Every structure is written in structure tokens, then in C-alpha cells.
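**Student:** next one to model:
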Amino acid sequence: MGHDVQMADVLRLAVVPAPEEAGAGFQVRVHVNGDDVTVGVGMDPYDLLVPHNRLLATAAPGRVPIGRCTCGDYGCCPTDVVVQRVGGLVLWAWSGNSATFVADQYDAEVARAVADHTWETPDRVAGRLLLAGLDRARLLDHGVTPDWVHHDERFRFALRYGADYQLFLDVEWGDHTPESLAAEIRETLARPPRDWPVSWHAIDPALRDTPPAIAGPDWKPDH
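**Tutor:** Model (predicted):
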């Protein structure tokens, strides 16, 4: 996979289920010229396509994660690709490999992958709508940033308060649609933090008995 424009490489992205040993869920597999070049397990769509398109190519080189360990942990055995737009081309370099894509084909494929929601389960629809519609500036005014979303019998949204705390907002599915569940969480987080029905966890063990400064009277430690 070289840099001859006449032999430009072709990118294809596919969202498929991740293996159980990697934590299940979904992964983005990367194909170049029809070959799956993903090392280990692909990144979860939340880490690559949703809510931000991290594969967007610009003139400034950017490092983007495209693979993680077979155990599912990115920090264990990561694979990153350096992405850069040069004129009408997009260049990739990763793990001793390189690829050159015609920018129009590359942009179209990445846009298609971002817009393709056919693989999404209801909980993934809710997660996408929630993450895409959050008022992040308002949260940041309180020192809070989104962290991750987990789907099980209930929907759990984790946030960070500074570097010292995690906050957890749990919502039972009940009669919710993905749209109504995401809307309920956004509406909850639009209220003052002291009114949020959240639990908290101190990342620093020294703070395990000290609630966050923004905690309300009904905040509870998470066990």
C-alpha cells in the first residue's frame, strides 16, 4: 500500500459485533483494498465515529486509534494511525504500513460510515442521540465532562467531575424509546447539579468519604 496516485488505495469501514472476550458490544473494522487491516479488535464506534468523527482528515497530521487488544483494552495493545490530508490525497501511516487514498473516496466512505445507523441496537441509538445532543458547554461550566455510556438492563451514563470523581446517572428502560430516554437524561442534566439523581465514585481513594463539591443532598456513593 504505497503512495502512487495511479494505484491509490481504497478505504472501507464496517461496524460489526465485537467478540465476547473483548467485552462484546461493537467494533469498527478497517479495510484497505478489501483487506481487513485492523490489528486485534477494532475501536468501539463511540471512540471513533460517535459523536465525533475522529477520522476526519486535515492538513495537520492527527493520531487516531483504530485498534485495541483482543481483551478489549485500548491501553493494553493500541494501534494508532496518523492521518493527514495533502492536496487531493489522504495519507495514513500505522504499524509500519502506509496507504494513500484519493480524498474524495476517503471523505465519502468516512461520511457514509458516520451516517450509517443500520447496525445500531435501541440502546446504541439512545447513546448516539444522548452524546450528540448534550450541552457540553453547560456541563463544563460545572466542571463536568461526559465519560462513557454503558448498556445493560438499565442505561448508565458516566461523567467526570474534574480529575477526582466519576458520576453515574442510571435510567431504567421501562417504556422508554431511545429518543425519550436520551431526552430525559439531557433534561435532567440541564438542571442544577445538586438536583441530579446521581451516584458518585472518588477516583482518589483519599476522597472516598468526601462527596464532590457540587453534590446535592440526594447524591449517594456508588458501590
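**Student:** got the contact list for the residue nearest to the spatial centre of the chain?
**Tutor:** Centroid-nearest residue in the chain, with Cα atoms, centre = their mean: Tyr46, separated by 2.2 Å. By Cβ atoms under 8 Å, 6 or more residues apart in numbering, the residues touching Tyr46 are 127, 131, 148-149. For every residue, glycine as well, the C-beta is placed using N, CA and C.
**Student:** show me where this protein has its strands.
**Tutor:** Secondary structure of the chain (DSSP state E): strands located at 11-17, 26-32, 35-36, 41-42, 62-68, 79-86, 89-94, 97-102, 144-151, 154-161, 165-172, 199-202, 220-221.
**Student:** need the winner for burial among those.
**Tutor:** Mean neighbour count (mean count of other Cβ atoms under 10 Å) peaks for strand 41-42 among the strands of the chain, with a mean of 26.
**Student:** what packs against it?
**Tutor:** On a contact count with 3 or more Cβ pairs under 8 Å, 6 or more residues apart in numbering; DSSP states H and E, strand 41-42 meets strand 26-32, strand 62-68.
**Student:** between these, which gets nearest to Tyr106?
**Tutor:** strand 26-32 (10.8 Å; Cβ to Cβ).
**Student:** run through who's touching that closest one.
**Tutor:** With Cβ under 8 Å, 6+ apart as the criterion, strand 26-32 contacts 1, 9-18, 36-38, 41-45, 48-49, 66-67, 92, 99, 113, 119, 124.
**Student:** stretch 186-194 now?
**Tutor:** 130, 133-135, 138-139, 142, 144, 169, 196-197, 214-217, 219.
**Student:** what subset of those is buried?
**Tutor:** Buried members of the contacts of stretch 186-194, scored by 16 or more other Cβ atoms under 10 Å, are 130, 134, 139, 142, 144, 169, 196, 214-215, 219.
**Student:** for Ser95, what are its contacts?
**Tutor:** Neighbours of Ser95 in contact, by Cβ under 8 Å, 6+ apart: 39, 79.
**Student:** for Val81, see how far away it is.
**Tutor:** 8 Å (Cβ to Cβ, to the nearest Å).
**Student:** cool, and Gly133?
**Tutor:** 29 Å.
**Student:** bridged to Val16, which residues?
**Tutor:** Gln27 (DSSP bridges).
**Student:** quick one: contacts for it?
**Tutor:** 26-27, 29, 42, 119.
**Student:** of those, closest to Tyr161?
**Tutor:** Of the contacts of Val16, the one sitting nearest to Tyr161 (Cβ to Cβ) turns out to be Phe26, at 28.1 Å.
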